[in-house]
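*Asks:* The following block contains a protein sequence and its predicted model.
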Number of protein chains: 2
Amino acid sequence: MQVPARVHYAALAMMELAATANRPQPLALREITQRHGIPQPFLVQILQQLKTAGWVSSSRGSQGGYRITTAAKNLTLLGIAEAVGMQETGCSADSSPHAASRQLKRVWDQAGDAYRDVLASVSIADLVRSCEKSDSAMFYI
Amino acid sequence: MQVPARVHYAALAMMELAATANRPQPLALREITQRHGIPQPFLVQILQQLKTAGWVSSSRGSQGGYRITTAAKNLTLLGIAEAVGMQETGCSADSSPHAASRQLKRVWDQAGDAYRDVLASVSIADLVRSCEKSDSAMFYI
DNA sequence: CGATACTTGACTAATTCGATCATCAATATA
DNA sequence: TATATTGATGATCGAATTAGTCAAGTATCG
């Protein structure tokens, strides 16, 4: 029931890419990893999966980096989690024909749906917006 | 994000114990494992955890077995899941001081709360009742 | 060319999970 | 009391997942 670190990292990376989308140059891997303390070769794997999902593009060479290719408001945390391979909600036990088992699985599924609904209701754009709010709020503290 | 098999098994066992609570003799381990195809030595471990939680008692020797010691309406799936050590909801990545990370963690926590709320809203008594409706032949009452 | 930066694939260490095994302790019943 | 029955306990195991790491390579810019 824990959110894997790679899902957290993937979401952080997408937030950074969304926040810097209007810059002319792509955002280098190092910029993201240094800011958030993510192991660089680990984030490479994750960005590769986001690229496979079609949400980022990359360019090599000096001045290379990553760009977001999808509107941030259309990117949900659920989509990102699935893109980096978060296991589906459900139950690992074999299904049995008994009523007790079936009733139970219905509840596990309901709980999983509730979980996924929350993640599906939050977009990268939402997150970037609330970060900008809380960042500017910090100036007054 | 999968419900561990041991949580499923624990809930099944508590349902069986609740459904047979009015019998004079305790319910033997073998009765439960045979009916649901649970490996017997595995369920022993699980029942031990439920005993530690104070929800079942046991007696050894022939005619021995397990008894439920708590009203089934007060036993929720969340309580059972926690008793057998289901990992807490949350995020495995280290917390960072950045706004982005904090905003994200808030969402992971919200999703985890939604998940737990569903499990907390269903009691063993609820499950036994809906099983009796859908398949009354299942229990030896 | 040479520095920079992404690409690819294999590899590893730690943890969890589901399950098994052997051995021991207690109890009812004959 | 002897014995079969039933739970208690601790060690161990194989598979899968997770979070990284490493070592080569390839493209691009100056």
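*Replies:* Structure received.

*Asks:* By mean pLDDT, flag the weakest helix or strand of chain A.
*Replies:* Across the helices and strands of chain A, mean pLDDT, DSSP states H and E gives its lowest value to strand A:90-91, namely a mean of 84.

*Asks:* is the lengthiest helix in chain A up against DNA strand C anywhere?
*Replies:* Longest helix in chain A, counting residues (DSSP state H): helix A:99-120. No - Helix A:99-120 is not in contact with DNA strand C by CB under 7 Å from any atom of the strand; minimum separation 11.7 Å. Placement of C-beta: from N, CA and C, glycine included.

*Asks:* Surely residue A:85 is in a strand?
*Replies:* No - with DSSP: H, G, I helix; E, B strand; the rest coil as the criterion, residue A:85 is coil rather than part of a strand.

*Asks:* Isn't it up against residue A:46?
*Replies:* No - Residue A:85 lies out of contact with residue A:46 (CB atoms under 8 Å); the separation is 9.8 Å.

*Asks:* More neighbours: which of those two?
*Replies:* Ranked by neighbour count (other CB atoms under 10 Å in any protein chain shown), residue A:85 and residue A:46 place residue A:46 first, with 24 against 12.

*Asks:* quick one: that one is in a helix?
*Replies:* Yes - per three-state DSSP, residue A:46 lies within a helix segment.

*Asks:* Quick check: pLDDT value at it.
*Replies:* With respect to pLDDT, residue A:46 has a value of 98.

*Asks:* again, but for residue A:97
*Replies:* Each residue has a pLDDT score; the one for residue A:97 is 80.

*Asks:* now swap in residue A:137 and tell me
*Replies:* Note on residue A:137: pLDDT of 67.

*Asks:* could you measure the most far-flung residue of chain A relative to its centre against residue B:12, distance?
*Replies:* Note on chain A: the largest C-alpha distance from the chain mean falls to residue A:98, namely 37.6 Å (CA atoms, centre = their mean). Separation of residue A:98 from residue B:12 (CB to CB, to the nearest Å) stands at 8 Å.

*Asks:* Mutual contacts of those two, please.
*Replies:* Common neighbours of residue A:98 and residue B:12, counting by CB atoms under 8 Å, 6 or more residues apart in numbering or on different chains, are residue B:36.

*Asks:* which residues are in contact with both of residue A:85 and residue A:46?
*Replies:* By the contact definition CB under 8 Å, 6+ apart, residue A:85 and residue A:46 are jointly contacted by residue A:6.

*Asks:* Report the contact partners of residue A:117.
*Replies:* Residue A:117 makes contacts with residue B:114, as judged by CB under 8 Å, 6+ apart.

*Asks:* can you count the residues close to residue A:120?
*Replies:* 15.

*Asks:* quick one: the helix or strand following the longest helix of chain A near chain B?
*Replies:* The helix or strand immediately downstream of helix A:99-120 is helix A:124-138, counting by DSSP states H and E. Yes - against chain B, helix A:124-138 shows contacts by CB under 8 Å from any CB of the partner chain at A:127, A:130, A:131, A:134, A:135, A:138.

*Asks:* Scan the residues you listed and report the most crowded one.
*Replies:* When neighbours are taken as other CB under 10 Å, the top entry among the residues of helix A:124-138 next to chain B is residue A:127 (25 neighbours).

*Asks:* so it makes contact with residue A:8?
*Replies:* No - applying CB under 8 Å as the test, residue A:127 and residue A:8 come out as separate, 11.9 Å apart.

*Asks:* where do the contact lists of the two overlap?
*Replies:* What both residue A:127 and residue A:8 touch, as defined by CB under 8 Å, 6+ apart, is the set residue B:104.

*Asks:* by contact count, what packs against the helix or strand containing residue A:82?
*Replies:* Applying DSSP H and E as the criterion places residue A:82 in helix A:77-83. Applying 3 or more CB pairs under 8 Å, 6 or more residues apart in numbering or on different chains; DSSP states H and E, one finds that helix A:77-83 contacts helix A:5-19, helix A:40-52, helix A:99-120.

*Asks:* Tell me which residue in chain A sits closest to DNA strand D.
*Replies:* Across chain A, the shortest distance to DNA strand D (CB to the nearest atom of the strand) belongs to residue A:61, at 2.5 Å.
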